[in-house]
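**Student:** the sequence isn't on hand, but the structure is:
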């Protein structure tokens, strides 16, 4: 039987030097992550059990009272419904479009033209959300927006994109799909190009067409990458805030009030009504929702591949 102590002692000095280098490099990053991510998360969780008004000390312990009140809060239920509808629509549309475009680019378009198209789709990912949303406000403008002008050319009446709650939610979905599509496309395209060509060549020899190869070879081998894209897109969608805050203003001009989502509701409770304990409980609910959805997606997609 091998002595574990002796095995450790046989590690070359150069290997120990690499371990020390990795530890030295990663320690500041991990400490910064703990300070900026883990500590605030723990503080928010503890804060959710107190009635803290932001401008007063958090000295009144209320236990689970904030969580119970949220379940009966109309704004919270509306925000949860809107956020879930937005997340489902954005994830499905952006992933499906990215999958189809990636399959087209990987099979049909190659060379410099393919690189130019990839750059064109990925460019929106690089632009900050605020200027992008301000640009889309002009596109969705009722009177002189490009979108309503295009609809008029095909005989469709103008749509109140920025004044009707339902149409405003559709507008936010369109903007978010456009913004997310390039990222999903590049990730899926890299995954497709990593699949050995021998599989497709063997299937072609056996008489399999393009659709059959895509269905029986590309999709199964691409499942881990697709899972990653779906999870990342879902998490991003449930954290939607900027495009709602800038794009969906109500008739009084109050930002974000036309389409209420969870992060905006947390922001309003915490920094408008100063109910930080209440807002922290809502943030914990959001965390649990995202965690549950992520676990379900992992179990469903991984289980379907076995």
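**Tutor:** The structure has been received and is ready for your questions. Quantities reported herein were computed from a predicted structural model and do not represent experimental measurements.
**Student:** C-alpha from now on. contacts and neighbour counts both.
**Tutor:** Fine.
**Student:** where does the prediction get shaky in the stretch 1-150 of the chain?
**Tutor:** 1-9, 11, 58, 109-111 (pLDDT under 70).
**Student:** if we use 80, what do you get?
**Tutor:** For the stretch 1-150 of the chain, applying pLDDT under 80 flags the ranges 1-17, 54-59, 107-115.
**Student:** which strand or helix spans the nearest residue to residue 101 once chain neighbours are set aside?
**Tutor:** Distance criterion Cα to Cα, 6 or more residues apart in numbering; nearest residue to residue 101, sequence neighbours excluded, is residue 185 at 6.9 Å. Using DSSP states H and E, residue 185 sits in helix 165-193.
**Student:** buried ones in that helix?
**Tutor:** 165, 167-189, 191-192 (16 or more other Cα atoms under 10 Å).
**Student:** in terms of secondary structure, what does that helix contact?
**Tutor:** helix 74-107, helix 111-126, helix 223-238, helix 242-247 (3 or more Cα pairs under 8 Å, 6 or more residues apart in numbering; DSSP states H and E).
**Student:** ok and that helix relative to helix 111-126, angle-wise?
**Tutor:** The directions of helix 165-193 and helix 111-126 differ by 140 degrees, with axes from the mean of the first three to the mean of the last three Cα atoms, to 10 degrees as the criterion.
**Student:** and helix 165-193, what's its mean pLDDT?
**Tutor:** Here helix 165-193 scores 91 as its mean pLDDT.
**Student:** what about residue 161, which SS state?
**Tutor:** Secondary structure state of residue 161, per DSSP: H, G, I helix; E, B strand; the rest coil, is coil.
**Student:** pretty sure it is touching residue 172, no?
**Tutor:** No: between residue 161 and residue 172 there is no contact under Cα atoms under 8 Å: 9.3 Å.
**Student:** circling back to that earlier point, which of the helices and strands packed on helix 165-193 sits most buried?
**Tutor:** A comparison of the helices and strands packed on helix 165-193 by mean neighbour count, using mean count of other Cα atoms under 10 Å, puts helix 242-247 on top with a mean of 22.
**Student:** which strands or helices does that helix pack on?
**Tutor:** helix 129-139, helix 165-193.
**Student:** buried ones in the first one?
**Tutor:** For helix 129-139, the buried set under the neighbour-count rule, 16+ other Cα under 10 Å, comprises 129, 133, 136, 137, 139.
**Student:** before we move on, what about stretch 139-151?
**Tutor:** Here stretch 139-151 shows 139, 140, 141, 142, 145, 147, 148, 149 as buried, counting by 16+ other Cα under 10 Å.
**Student:** span of it from start to end?
**Tutor:** Chord length of stretch 139-151, first to last residue, is 12 Å (Cα to Cα, to the nearest Å).
**Student:** so what touches it?
**Tutor:** Stretch 139-151 is contacted by residues 138, 157, 158, 159, 160, 161, 162, 171 when judged by Cα atoms under 8 Å, 6 or more residues apart in numbering.
**Student:** related to what we said a few turns ago, which one of the helices and strands packed on helix 165-193 lies nearest to residue 278?
**Tutor:** Of all the helices and strands packed on helix 165-193, it is helix 74-107 that lies closest to residue 278, at 11.0 Å by Cα to Cα.
**Student:** by contact count, what packs against that closest one?
**Tutor:** Short answer (3+ Cα pairs under 8 Å, 6+ apart): helix 74-107 packs on helix 165-193, helix 223-238, helix 262-271.
**Student:** could you dump these into JSON lines and include distance to residue 71?
**Tutor:** Below are the helices and strands packed on helix 74-107 laid out as JSON lines (distance: least, Cα to Cα, whole Å):
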{"stretch": "helix 165-193", "distance to residue 71": "23"}
{"stretch": "helix 223-238", "distance to residue 71": "18"}
{"stretch": "helix 262-271", "distance to residue 71": "13"}
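**Student:** do you know which of those helices lies nearest residue 39?
**Tutor:** That would be helix 262-271 among these, by Cα to Cα, at 18.4 Å.
**Student:** helix or strand right after the closest one?
**Tutor:** helix 276-304.
**Student:** check which residues of that following helix are buried.
**Tutor:** 276-286, 290, 294, 297-298.
**Student:** middle-most residue in this structure, spatially?
**Tutor:** residue 236 (1.8 Å; Cα atoms, centre = their mean).
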